[in-house]
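Asks: Okay, structure incoming, though there's no sequence with it:
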């Protein structure tokens, strides 16, 4: 179908009605006049009824496919599927609306004032870093305290009951404790703020990509997120507290940079200059980076994460500020934790998780290990793809059957109890005893082991996952039995897969690392024994590679993950093998199924824009991609018209081209500017209009401040009362509209449109014909519809879900 | 003046001839026809004489300033100054020309073929990494061998003559040896390839920014660069071999990615798909990153360098490829050097320079040191600014008086001899003797020291600068006398400053680090002694901070430099203080004078585009910024016209809007496309035209291959013979022009135009009026002209120099 459309469009070029030989309708020559006008009339029979400037596609060639003229059908409430794009998500606008108000303000600001603005940006970034670091500290300390209490209690109970054989009571205690913690966390998420579920990384990816996810950067979300994470980790779920830090950092950034909290109804009257999407998104990037930095002690990794997931236009100053926020964040965390742990001058805890020190002198790698690492990458890619595929089916099941909050809470509690029970059974049935001496375990369980020894399975299960990961990296060779590792991998794989997507706040980084570390260590042990020591495979090193492979196979992050792993190990020597492993895991995994985050973004039907247009999309032009008809406004428009357009539920547009009609030719609209729904709402709210009879009167002046005060929660049109008299008034949009919106000609190819849209972070891109008349509008969903599927380019339908 | 223009433009809006009440000239209504046409006529009195579509600014409001209508005066051969922009530099085009040929090719390529292209990109990146690593190895090994020979010879001589008192012979030998090496290197640069002078970083910055510097990525340049660097370092100049690696990597990348060498006249017929600016620049980014990576063992730093200096549009896949090339490069270097040094499995030399291991356990930092580090940053910023200011005057002097190659060679020889003499005098007059034991110095000079001791001044001077830096970082406390360090700093500062800008291939990284390490170590010693040990200032740590401060103060790189320093030390703990130091140095340094690279770029009058438009430039619109008049072509144009336009030396344009004229209204030109000079040249060369009488005949078909074969050295128009008969033929440009060039309306503000131009890496941006008629053209020089000077916005004149 695409090919047909293409051919028509190209052959149409030769037969276009206003060829070089004929008079173009551009100018008022007398020759072409009659023909052209009639031709337009003929093509837009409904134009006389479109009184409000509703513009049909005026430049359709007569051989264009008829179905392109109809608006796309919008089915209601279609069951969720990743093969849909939801229309409910709005887009952020990374393009400044350069209207007269904005230009006047910018011109008033002199060089010194700009420097003040710049200094404010730095101050905000420092505050973002400090607060993110503090939140991370809070989570860490509370988790450690509560988890300590829980494990002490359970350990005491187990130790006491081991002799007497009433261990089922211990199991009951452990399972109940876990389920209770999880219940509280799950109730908070399910009933107070569902967007706080999961790691938040997909949501932040979407936000940085330019999609407005409702509630994602609200204060309430932060509170629920922080408490939820603490409770999930303490509840013993197979989750980590690292991923959610990214979301927390982003919320902190969004809050601070706006200088107010809408939830708390406090406006500090500072940072008002930053109340627009452009600036806010920049700060959210910094917040996300600060979160990564605090989570893994990886400031550079944080910057790269923000850039990889979010930024389209690389700006040196912005990047440097992001790096500053990241550094401050890890430094704050490091300082506070050092003081808390009693070594105030030992800045050795740069992140929530620290992989511990890999000594590069003892643990170098040699050439012959490189193919082995690549093989581990392949294994990681396959296991990661399996994880994602399983999680996909589980998520589909959840969307269909577990969508009521109380069911969600019950599922979460069930997982909590099952996790504890499975762990208990594994520990109970394990006979892998290891000597206790020289071991710094926090809660060694003796169980049926002889005195002076402990249960090795408990070392992996009876601990927070972070600690287990570090132990798998650094415990000396021989600490774990291969059987223990194998069983643990298998069990934990399914537990983690079941856990991701529950209605709790929790991350998937640490469980992935833990699975990978377990099989990586197993792999190292087996390798050393099968080659009879010919390859001296240090189990810790192989655990690290396995962890990287598994994580890479699941999340498919590339550059940033390499750097995060490098920074978390504090070791640069392993950079090359880690990169190889991650790359292999990504390539292998991508062959089967998408990355976990991308999968969940697709399952939410978010109109996410990837880096480039699909490679085979050159056959599409803007004409085929754009939405028509476009609702246009005049420069001086009747208030009633504006209200009617904004109230029209069928076409919930957010941007309206402002056009100039030639009297008597209402279907021909030269583009003069672009105005947003939010701007019109503010104008209506402030009654910025004059009576029709007194057009010469100056209408009320608004300031940019009025728009900024209303940002970002603009009231709906229904809340604004406009009387019948007021409906007859006129409003002059000239000084509020953006007089130079970005445009593309309708012949531009899809990749070209995509590049412009993506590189500049646009929300609306006006498609014009060769006389600068509006023929359509390209928005995010129009571009996100085209995807590269297994069988080539596919077009995803849109839905109101 | 800017303010006046602004006001006029805005008030002009209200009085524009086609207001909403009047008929617009857009359509063929009868009402507005007469008035509009006459109004156009009146505004462009010269239109009848512009037969070749030479278009005047047709939409000038009558109250626009008269001087805007005149083309800007182009003075010839003005003396060099940084307050000029040279017109001799052409621009690279990061925008694909999406003409019919291109689209047809892209449509032919299916999904599988795109995967092949992608795999080729990866293969090329691997080859770039390997070759860059090999070149770095070659440089390292040859330098070590030759420098070893030289120092052995001189040391033997000095040791022999110390007793007999004929040390002046040793001085003569040393100075002659140095001057000879330098002479050979300098002759190569001055007479064979002057663009190989210096570190090449400014040139690569320009290339990545989109400026075509002649010869910068040629094979000859690479050969001269590599030999030149070896000879400069062996010649004992105060230079490093690290900076030039970036240039070398870039040349390697440009060569491999094109699959041919024009210099060697070999075309391997591979990678033809990549023969255009877009792809080539991507690979050059990878090459530059691989160079950094090989030089400092800093793959992540390399990626960030490339992004910081070059990329405007961040693309995940590209970045990942760049990272791959970087990793391969450092891995190759590491492997070869390990084998060369006899420890094949010890991959511990990831870069040409390795700062050695900073043990984070022994050498942490504490809170009270942070203000001290910031103070060091201030010192570094001031010293860096002094360095740059001195070098600025020196460069101005050189541009004025030392522009003949033989003078340049003589100056280089002089510097070589003076460097040796000064070093000799310093060593001779120093009485700082240190015990030899436990010291791994390569060439310890005993001189007048007692047996078992060595001259400490010689440790700093009688060695390659890389080795001296590492020694300053790691020699145990007490190795150097404060007096020695102070004198050394002072002397080396002036030597390095004199050396940078000589006609030799050499970098400034290492000398900067060396100066900084010397005063940093001195600072640490003084600090420890003045606070009576209250602050235990490890001299090595302070040497590192001083090195960072000095380097940051000179080159003013930010994020990438922090990461490079972190990776070169192999230590993440120092990330935060290094960042603080670099940031302070940059802020302080920027207060006085620009960074060294930016300064040299300005001195070359390169139209370099910074990240953002100057902050106070909102008062300018595209109308004031653009160049007029624009030379336009018709879709079917006479060959003679094309040849005349291309041969016109006065307006050496490279891009021509293709317009459609309304018969009888030759001054009104609707934009239909854009065609490049290079494309026209290829068309003329292949005689792609038909006789006027036979317009219906199909003209010869060209393929994209014909354009790619001619890339990048398109022949000049003078070399193409067009007979008188051929001049009368017509050429149809339709399928060769880009039918959807990016445009901006003339009301768009300068920052808006800048953002579009910079983010998409454009070469030509067409300015249109509201009827899509061409009114001007914005190119790189039009935007680069506006700069933020000390007194606010300034407009830099253009010159033919």
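Replies: Good, I have the coordinates. Keep in mind it's a predicted model, so treat the numbers as computed, not measured.
Asks: What's opposite residue A:743 in the beta bridge?
Replies: residue A:766 (DSSP bridges).
Asks: Show me what counts as buried in the helix or strand encompassing residue A:489.
Replies: Using DSSP states H and E, residue A:489 sits within helix A:482-499. Residues A:484-485, A:487-489, A:491-493, A:495-499 are the ones in helix A:482-499 that count as buried (16 or more other CB atoms under 10 Å in any protein chain shown). In short, each C-beta sits where N, CA and C put it, glycine included.
Asks: Using a markdown table, lay out these together with pLDDT and distance to residue B:766.
Replies: Listed next are the buried residues of helix A:482-499 as a markdown table, based on pLDDT from 0 to 100; distance: CB to CB, whole Å:
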| residue | pLDDT | distance to residue B:766 |
| --- | --- | --- |
| A:484 | 85 | 69 |
| A:485 | 89 | 65 |
| A:487 | 90 | 68 |
| A:488 | 90 | 64 |
| A:489 | 93 | 61 |
| A:491 | 92 | 64 |
| A:492 | 92 | 60 |
| A:493 | 95 | 58 |
| A:495 | 93 | 60 |
| A:496 | 94 | 55 |
| A:497 | 94 | 54 |
| A:498 | 94 | 58 |
| A:499 | 93 | 56 |
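Asks: Closest to residue B:388 out of those residues?
Replies: Residue B:388 lies nearest to residue A:496 out of the buried residues of helix A:482-499, by CB to CB, at 55.0 Å.
Asks: I'd assumed residue A:509 was in contact with the closest one.
Replies: No. Contact status for residue A:496 versus residue A:509: not in contact, 10.7 Å apart, counting by CB atoms under 8 Å.
Asks: my guess is residue A:206 meets residue A:609, correct?
Replies: No. Contact between residue A:206 and residue A:609 fails when scored by CB under 8 Å: they sit 10.0 Å apart.
Asks: Compare neighbour counts for those two and give me the winner.
Replies: Ranked by neighbour count (other CB atoms under 10 Å in any protein chain shown), residue A:206 and residue A:609 place residue A:206 first, with 25 against 21.
Asks: Which other helices and strands does the helix or strand harbouring that one contact?
Replies: Residue A:206 is part of helix A:201-209, with elements assigned from DSSP H and E. When contacts are defined as 3 or more CB pairs under 8 Å, 6 or more residues apart in numbering or on different chains; DSSP states H and E, helix A:201-209 sits against helix A:243-258, helix A:277-296, helix A:299-309, helix A:596-603.
Asks: CSV please, covering those helices and showing mean pLDDT, mean neighbour count and distance to chain B.
Replies: Below are the helices and strands packed on helix A:201-209 laid out as CSV (pLDDT from 0 to 100; neighbours: other CB atoms under 10 Å in any protein chain shown; distance: least, CB to the nearest CB, whole Å):
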stretch, mean pLDDT, mean neighbour count, distance to chain B
helix A:243-258, 92, 30, 17
helix A:277-296, 91, 30, 10
helix A:299-309, 88, 30, 6
helix A:596-603, 90, 22, 12
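Asks: Looking at those, which is nearest to residue A:540?
Replies: When the helices and strands packed on helix A:201-209 are compared (using CB to CB), the closest one is helix A:277-296, at 18.4 Å.
Asks: helices or strands up against that closest one?
Replies: Using 3+ CB pairs under 8 Å, 6+ apart, helix A:277-296 is in contact with helix A:111-164, helix A:201-209, helix A:243-258, helix A:299-309, helix A:316-340, helix A:559-569.
Asks: do the fifth one and chain B meet?
Replies: Yes. Legend: contact between helix A:316-340 and chain B by CB under 8 Å from any CB of the partner chain is shown at A:316, A:317, A:319, A:320, A:323, A:324, A:327, A:330, A:331, A:335.
Asks: Name the nearest residue to the fourth one, sequence neighbours excluded.
Replies: For residue A:320, ignoring the flanking residues on the chain, the nearest one in space by CB to CB, 6 or more residues apart in numbering or on different chains is residue B:558 at 4.9 Å.
Asks: What distance do you get for the one you found to residue B:371?
Replies: Plainly put, residue B:558 is 21 Å away from residue B:371 if you go by CB to CB, to the nearest Å.
Asks: The two: who's more crowded?
Replies: residue B:558 (22 against 10).
Asks: Give me the residue ranges of chain A where confidence is low.
Replies: For chain A, the stretches with pLDDT under 70 are A:1-82, A:311-314, A:344-348, A:359-363, A:437-441, A:533-537, A:662-668, A:693-700, A:800-801.
Asks: Quickly list the domain ranges of it.
Replies: Structural domains assigned to chain A are A:50-89+A:618-799, A:90-370+A:410-475+A:488-506, following automatic domain parsing.
Asks: distance of the closest residue in space to residue A:127 that isn't next to it in sequence from residue A:416?
Replies: In space, and not counting its chain neighbours, residue A:127 is closest to residue A:256: 5.2 Å by CB to CB, 6+ apart. For residue A:256, the distance to residue A:416 equals 34 Å [CB to CB].
Asks: list the contacts for the residue positioned nearest the centre of chain A?
Replies: Relative to the mean C-alpha position of chain A, the nearest C-alpha, by CA atoms, centre = their mean, is the one of residue A:205, at 1.9 Å. Residue A:205 sits next to A:309, A:310, A:597, A:601, A:608 when contact means CB atoms under 8 Å, 6 or more residues apart in numbering or on different chains.
Asks: Residue A:776 now?
Replies: Counted by CB under 8 Å, 6+ apart, residue A:776 has contacts A:57, A:622, A:623, A:626, A:627, A:628, A:630, A:746, A:766, A:767.
Asks: what's the closest of the residues you listed to residue B:219?
Replies: Among the contacts of residue A:776, and counting by CB to CB, the member closest to residue B:219 is residue A:622, at 42.1 Å.
Asks: pretty sure the closest one contacts residue A:743?
Replies: No. Contact criterion CB under 8 Å: residue A:622 and residue A:743 do not qualify, at 9.7 Å.
Asks: Overlap in contacts, these two.
Replies: Joint contacts of residue A:622 and residue A:743 (CB under 8 Å, 6+ apart) are residue A:767.
Asks: So which bits of the stretch 51-200 of chain A are right by chain B?
Replies: Residues of the stretch 51-200 of chain A lying near chain B (CB under 8 Å from any CB): A:96, A:98, A:100, A:103, A:106, A:107, A:109, A:110, A:111, A:114.
Asks: ok, now the stretch 451-600 of chain A?
Replies: A:558-559, A:562-563, A:566-567, A:570-573, A:575-576, A:579, A:583.
Asks: Farthest-apart pair in the residues you listed, please.
Replies: Most distant of these, by CB to CB, are A:570 and A:583, 21.9 Å apart.
Asks: I am finished for the moment; much appreciated.
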